[in-house]
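1. how does the following fold in three dimensions:
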Amino acid sequence: SSGINAEYGELFKAMKINKGVLFTILVFLLGINVSSSNYNTRSSEFECELCETVVVLLQKAVETNSTKEEIEKIVYKICTDLKIEKPDVCSGLVKEFGPVVMEAISPSLLTPDELCGYMSLCPQTNITPTHNMSFPKPKPPHVPPTPPNPNSPKKRILHLSDIHLDPLYQPGSNSDCGEPLCCRADNGPGNSTSAAGNWGNYNCDLNIAMWENLQTYLASLPPFDYVFWTGDSPPHNIWEQSQESQVQGVYNLTQTILQLFPNSSVFPCLGNHEGYPVNIFPLPPNDGWLLGPVGELWGKYWLDQNATASFQRAGYYTMLAEEGLRIIALNSNYCNNLNFILYANMTNPDPGGELEFLIQTLQYAEDNQEKVYIISHIPPGISDCLSPWAERFQQVVNRYEDTIVAQFYGHTHVDQFEVFYVQDGDEMRASNVAYISPSATTFTWLNPSFRIYVIDVPTKYLVDIETYYTDLVEANENDEPVWQLEYSTRSAYGMENLFPSDWNTVINQMETNRTMFDLYFTYYNHMVPPSCTGGCIADMICGMKSSTNQLYKDCLGEEIYNIRKQKLC
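-> As a prediction, the model looks like this:
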């Protein structure tokens, strides 16, 4: 192992690696992208070269029969010697992720360019679907949606996502502690600029005070018919978690949501942060420590018997919300590019049998004239979702475009949408929309937010979207959060309806109307107004148009994509 250590040292020294970039690479290799609030990050040529170098060296260590302990010591040494993280964080990360990562980087599974491509640090190779999806019945002729009667009855859906509640948040503690998550007593007191506020801090997760205040505000609103809770309950202290802490985090929030909405139908799903280690979800039936107790808990309150059994087996389920409306909750960890379990069998076109389950459920819904809402955590169009899976999923969505009314996601923490397109004769036609809800957590540099969808009861179409937030700076200054309507989607963008074609029109307008785009970008960041110019605008527009990461890259152009910095905005 001494030779390997020397080789690492010489290579990294010669490359004059920026410590921040190296941390990002190691974080990706360990499956823990915790350093950015914008999860839809893009690779650069340098980062690709660095990733492949690290993988080559680790694979060489595996081939030379270095023990797991020896290899973990190498990674720990890099982490501590370059002061990428504090020793206790380095130790925790290596201990948690070492076994999974070492299995994933086995030379017999993937080459360095393939592995780094799947992690979106390099251009992906072999990204085309292994096969076209097959369906039980041919697609019927498309029927364009008809605007609902404005006087018809309405229902309301609350969407909560990415709460990331941190029960150890300590007001006055150091928010700039040099660890992935700060604002805890162990971080020591902060100074005049770094002291954590009573109601939260932009560099930290949601605290209990703000969470309880949000509950009070939600209780003051008219009742919700449905609640979509799309995952990521635990805080970002990913180096010191356990199976027990992950289950307990879900349990705690379940009890709160149950008490807050006793008369609402709640449809939950898992995020990537519920896994242990974070992002790691084994294929069924090997994840019983999480799916078993969580499924039992949710089955006690919200899921029916069949949905509970399906969830406990693989983390996805379906339920009839009301006559004519079906909910399909997917486990997006089967497309998570940081779920290294998937790399052991990348030739499997359908991990967990989820896409086949989706097809059969959608066919049943089509046969019975049901409309469908899909809820999940990771949106299919960002780099965090493996393109081969996303491309197969896109085929399914386009086949059942008249059955799927809309899709609802979280994960990115920002306010986004993705439009799906289908080939219709000589033209590409907008076929579906994925709504990505802003996060409740402030991590990082975001105001706490939630969203309400207003739906037309007879048709199940969305008729408006209301997004709410509270200004964290003002909450800390005045020692009281003030929740307010951030915007109504139809009013803000001048939309007559919320059909896919309407969203395509919005995208076209943003490409030429800078005022409209700037408004979108302000909402994107929960009213925290950074600027977006040049390449940032192209990045945002292409993200709106792309239901897979490969389509995003095609939109920007491969050459631009390969040299693009991770943070454009």
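2. ok, now how distant is residue 533 from residue 144?
-> Taking Cβ to Cβ, to the nearest Å as the measure, residue 533 and residue 144 are separated by 37 Å. Where you see a C-beta, it was placed from the backbone N, CA and C, and this is true even at glycine.
3. for the residue nearest the centre of the chain, give me its contacts.
-> Computing the C-alpha centroid of the chain and ranking residues by Cα atoms, centre = their mean puts residue 411 first, at 2.4 Å. Listed by Cβ atoms under 8 Å, 6 or more residues apart in numbering, the contact partners of residue 411 are 39, 161-162, 230-232, 271-272, 332, 377-379, 382, 384, 436.
4. if we go to 7 Å?
-> The contact partners of residue 411, by Cβ atoms under 7 Å, 6 or more residues apart in numbering, come to 39, 162, 232, 271, 377-379, 384.
5. any idea which of these the model trusts least?
-> The pLDDT minimum for these sits at residue 39, where the score is 36.
6. one step back: redo the contacts of residue 411 as TSV? Include neighbour count and secondary structure.
-> As requested, those are arranged in TSV below (neighbours: other Cβ atoms under 10 Å; DSSP: H, G, I helix; E, B strand; the rest coil):
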residue	neighbour count	secondary structure
39	16	coil
162	26	coil
232	27	coil
271	29	coil
377	27	coil
378	32	coil
379	28	coil
384	26	coil
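7. now tabulate those in TSV and tack on distance to residue 210.
-> What follows is those, written out as TSV (distance: Cβ to Cβ, whole Å):
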residue	distance to residue 210
39	22
162	14
232	16
271	19
377	22
378	25
379	25
384	26
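8. of those residues, closest to residue 253?
-> For those, the minimum distance to residue 253 (Cβ to Cβ) is 10.1 Å, reached by residue 232.
9. might one say that the closest one is in contact with residue 165?
-> No: under the criterion of Cβ atoms under 7 Å, residue 232 makes no contact with residue 165, lying 9.8 Å away.
10. and stretch 60-78, which residues are buried?
-> For stretch 60-78, the buried set under the neighbour-count rule, 16 or more other Cβ atoms under 10 Å, comprises 61-62, 66, 71-76, 78.
11. excluding chain neighbours, what is closest to residue 317?
-> Sequence neighbours aside, residue 307 is the residue nearest to residue 317 in space, at 3.8 Å (criterion: Cβ to Cβ, 6 or more residues apart in numbering).
12. quick one, phi psi at residue 254?
-> In terms of degrees, to the nearest 10, the main-chain angles of residue 254 are phi -60, psi -50.
13. so residue 185 sits right up against residue 172, yeah?
-> No: counting by Cβ under 7 Å, residue 185 sits too far from residue 172 to count as a contact (9.3 Å).
14. what's opposite the nearest residue to residue 225 once chain neighbours are set aside in the beta bridge?
-> Distances taken as Cβ to Cβ, 6+ apart put residue 155 closest to residue 225, at 4.1 Å, once the chain neighbours are dropped. For residue 155, the beta-bridge partners are residue 455 (DSSP bridges).
15. residue 456 is in contact with residue 155, correct?
-> No: contact status for residue 155 versus residue 456: not in contact, 8.4 Å apart, counting by Cβ under 7 Å.
16. who has more neighbours, the two?
-> In this comparison of residue 155 against residue 456, neighbours counted by other Cβ atoms under 10 Å, the higher total goes to residue 456 at 19 against 16.
17. which secondary structure element contains the closest residue in space to that one that isn't next to it in sequence?
-> If you skip the residues right next to it in sequence, residue 456 has residue 148 as its closest partner in space, 3.8 Å away by Cβ to Cβ, 6+ apart. If you go by DSSP states H and E, residue 148 is not part of any helix or strand.
18. number of nearby residues for residue 148?
-> Going by other Cβ under 10 Å, the residues that sit close to residue 148 add up to 18.
19. which residues touch it?
-> For residue 148, the contacting residues are 456, 458-459, 461, 463, by Cβ under 7 Å, 6+ apart.
20. switch the cut-off to 10 Å
-> Residue 148 sits next to 154, 455-463, 497 when contact means Cβ atoms under 10 Å, 6 or more residues apart in numbering.
21. now, which of those sits nearest residue 447?
-> The shortest separation between residue 447 and any of the contacts of residue 148 is 23.6 Å, and it belongs to residue 462 (by Cβ to Cβ).
22. so that closest one makes contact with residue 432?
-> No: assessed by Cβ atoms under 10 Å, residue 462 is found out of contact with residue 432, at 11.9 Å.
23. which neighbours do the two share?
-> With Cβ under 10 Å, 6+ apart, residue 462 and residue 432 have common neighbours 405-406, 499.
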